[in-house]
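S.K.: Model the following, please.
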Amino acid sequence: MSYDIYNSISKGCFSFPATCNVQFNLHSADNKERLKLSTKYLQNIKNEFSAIQHQSIKKLSKNIIDFFKSKRIKGIHTALIVKGANVSDHEFMFSSLGDQLHQLFSSIVVHLSKYTSMKLMMQAMCQQIDDEHNWPTFPTIENIQEHVNDKRIVIIIKDFADFKFEQLEALLISLSNSSLNCRLIFGLTSGNLHQYLSYQELSLLNPTYFHATTSCELLDSLFQRLVLESCVPFAIGPNTLQFLFDTFLFSDSSVSLFLAHLEYCIVTHFHLNPLSVLCHKKPLRFFEKNKHDEIFKGIHPNDVKAAFESFTDYCNRLCAISKFILQQKSLQISRFYDSYQLCVTNNVINESSYQNFIAAIPALSLKDCIKLTDDLKELNVVDNEELDCLVDALNKDSKKASTPVTFVENKKLTLKQLQAKLVQQQTGNAIYKTKCKLQNLVKHAFNVCLEKVENAPLIKIWIIDVPLENLSVSPSTCIRTTLSSDDDIAINHVYQLLQENTGKSVNLFDLLVAYLAKTEQKSLKKMNSDNKYVIDEQMYAKFVDAVLQLQFLGFVKSSRHKADHLTKLTWC
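M.R.: Model (predicted):
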């Protein structure tokens, strides 16, 4: 795995510090097995995600192809894919969708993006249709029609809002006036097309909306496969899981980036934990073969067996209670990864929705109580015979329950007094006491399933929980730590010079001279003829690039009053 993707400032990958002490060198003789295991499990996770993506794209492409094959009434068949916010996952979605359309729809697929002129856009279309053909300098739709004849063409614009609408208008008019067998696919962040096109342009289209699979749905499907189907023999600890979800929800809702972060955590776990070689589906067999190794010195087979059984029981309980939470609509949790995260971090008991759910159990109907007992049986933490006796008692008490007694007295009762008498009457019923027993059983089931096992011996072998000092939630801290390092990089030198300057504005030429002096470059010389400075082009390019990156990161901006000055911002 390349380490560069985690410390690239220009790409904006700030979730993990670039100066952490973890070195991804697993090629030594002692670590070959750990390298093999981490690579294998990472590949399994990527394969699972790829299968989920292909499945969702296959379903989307089938619906679009059925629409394209339908009878053309009026206008160009246009598929509008509502994809939500732009994330890196959409790149794969549109490329795979193009491949599916090329194979199943027998069409020529053309991808268009933002172009500066209509000429460049038409040239890009022609190159994708046939790169070897001798196209004219300014090709037109008629030239394309003569070349492709009756072949189908699908034009995909993945970011419709970023496309130049003057070019789109000219393209739509040209396509509508020609007999080219063309279909259109637009990627929209929202489902409102009227805010982009006029009614005259909309009349040229025959649009139909399609909804792409969201990032949350993809992540939910991935987690169900990882956790419920157990494609990897380890679990993610509470600290790491909380950090991964915080990054996903509040930084970048991209499953691809989530997997990159998870990859970092997995490799870190296998590097820091020598006993992670036991992360097998059958660790006892591996331990028996290698029990004479130095890393297993002082460890008894029974300890490994007990720890693995404890871990297996822990995973089963987490899966069961996560599914139980999803089945309770009153808890208002619709995603599996949300319920799983709440169970791993033990935050579910502190949730107000959980407390309201527990408090409302005595008020449930007989049907809901019986359903709740059936759900409790799936947890396997409460005796089934006890639950069956509870159901019999509920049925028996419900038949004996009489209508509420009305209070008729000479004196008037206040609302509080009436409520107190009704509660007293209700609590005296036998069915209420039976429902309270059910309430206690539900509390007991949650306490048993959410029991912590992190302190159990050897359990850390199968629970990935990267130390928090290796993770950085705050991007600003991570960036400052990276820029303040001693690495011989131009942006680090320029940033440190800005830190040394106490003024609010900095002269660019003075900053350049200081940068050259700090890097010990003798590239600044005077010309004898007109007394002008000569600067090495390579050093000057590095300096300009560093200043532009700092401006992009929000540390400095150009001064309005002086063209040759930079203004330091608060973040710097």
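S.K.: Please report phi then psi for Ile236.
M.R.: In terms of degrees, to the nearest 10, the main-chain angles of Ile236 are phi -100, psi 130.
S.K.: what pairs with it across the strands?
M.R.: Going by DSSP bridges, Ile236 is paired in beta bridges with Ile464.
S.K.: what is the mean pLDDT for stretch 509-528?
M.R.: Per-residue pLDDT over stretch 509-528 has a mean of 72.
S.K.: And the pLDDT at Thr570?
M.R.: Looking at Thr570, its pLDDT reads 65.
S.K.: what does Ile73 give?
M.R.: We have a pLDDT of 68 for Ile73.
S.K.: and the host helix or strand of Ser61, what other elements does it pack with?
M.R.: Per DSSP states H and E, Ser61 falls inside helix 32-69. Using 3 or more C-beta pairs under 8 Å, 6 or more residues apart in numbering; DSSP states H and E, the elements in contact with helix 32-69 are strand 76-82, helix 89-104, strand 205-211, helix 215-228, helix 255-272. C-beta coordinates here come from the backbone N, C-alpha and C atoms, glycine included.
S.K.: and the last one with helix 215-228, angle?
M.R.: The reference is to helix 255-272. When axes from the mean of the first three to the mean of the last three C-alpha atoms, to 10 degrees is applied, the directions of helix 255-272 and helix 215-228 differ by 30 degrees.
S.K.: Using CSV, write out every CA atom in helix 255-272.
M.R.: Output of helix 255-272 as CSV, limited to C-alpha atoms (Å, rounded to 0.1, in the frame of the first residue of the first chain):
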residue,chain,number,x,y,z
VAL,A,255,-17.2,4.9,0.6
SER,A,256,-13.9,4.7,-1.4
LEU,A,257,-12.2,7.1,1.1
PHE,A,258,-13.8,5.2,4.0
LEU,A,259,-12.1,2.0,2.7
ALA,A,260,-8.8,3.9,2.4
HIS,A,261,-9.1,4.9,6.0
LEU,A,262,-10.1,1.4,7.0
GLU,A,263,-7.1,0.0,5.1
TYR,A,264,-4.8,2.3,7.1
CYS,A,265,-6.3,1.0,10.4
ILE,A,266,-6.0,-2.6,9.3
VAL,A,267,-2.4,-2.4,8.2
THR,A,268,-1.5,-0.4,11.4
HIS,A,269,-3.1,-3.1,13.5
PHE,A,270,-1.2,-5.9,11.9
HIS,A,271,2.1,-3.9,12.2
LEU,A,272,1.7,-2.9,15.9
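S.K.: Give me the average confidence score over that helix.
M.R.: The average pLDDT for helix 255-272 rounds to 86.
S.K.: Repeat that for the first one.
M.R.: Across strand 76-82, the average pLDDT comes to 90.
S.K.: worst-scoring helix or strand of this protein, pLDDT-wise?
M.R.: strand 525-526 (a mean of 53; mean pLDDT, DSSP states H and E).
S.K.: just to revisit the earlier point, now tabulate the helices and strands packed on helix 32-69 in a markdown table and tack on mean neighbour count.
M.R.: Shown next, in a markdown table, are those (neighbours: other C-beta atoms under 10 Å):
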| stretch | mean neighbour count |
| --- | --- |
| strand 76-82 | 20 |
| helix 89-104 | 18 |
| strand 205-211 | 15 |
| helix 215-228 | 19 |
| helix 255-272 | 21 |
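S.K.: how long is stretch 120-137 end to end?
M.R.: One end of stretch 120-137 sits 10 Å from the other (C-alpha to C-alpha, to the nearest Å).
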